[in-house]
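Colleague: A structural model of the following input is requested.
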Amino acid sequence: MLRLSESGRGGSDRSTPLERVSIGGLRPTRGMAEFVAELLAGTPQTPQAFRSGFAGIVRDLGPINRALLTERDRLQSAIDKWHRDRRGRPIDLAAYEAFLRAIGYLLPEPAGVRAETSGVDESKRSPARSSSCRSPTRATR
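Modeller: Model (predicted):
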């Protein structure tokens, strides 16, 4: 097993699984770095090649991910405020849908798009229902 070590103050060896280490432009926890090295042992993939490829993905997709997280936070804040402002009142579904469309949470359905499935097991074709949702006359005993 690969062991990563860094010297701490005074030359003593400090090694904790949650400690961050710098490897190939990334700063994973020591435990994660050791896990990846152990996982790749015995495969043609080297830890260095993995880190290089992963660092490229993080570099390329990191800004997009940050923008998506910012948008998610904006939407969630608006939804939270909508519910706080209406606390204790019945929800008007038409008004709620209009609100969700206005903030961009719900988008118009694209024209000309059709989704189909085939080869799906019959038991998977409809949403699951909890037994607590069934009417007493439909419940099986």
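Colleague: On the three-state scheme, Gln45 is what?
Modeller: In terms of secondary structure, Gln45 is coil; the call rests on DSSP: H, G, I helix; E, B strand; the rest coil.
Colleague: Please give me every residue in contact with it.
Modeller: For Gln45, the contact set (Cβ atoms under 8 Å, 6 or more residues apart in numbering) is empty. C-beta: built from backbone N, CA, C; applies to glycine.
Colleague: pLDDT weak spots in this structure?
Modeller: Confidence mapping of the chain against pLDDT under 70 gives the ranges 1-14, 127-141.
Colleague: the helices in it, which residues?
Modeller: Taking DSSP state H as the criterion, the chain carries its helices at 30-40, 47-85, 93-102.
Colleague: Show me the one of those helices that comes nearest Arg20.
Modeller: When those are ranked by proximity to Arg20, the top entry is helix 30-40, at 7.5 Å, counting by Cβ to Cβ.
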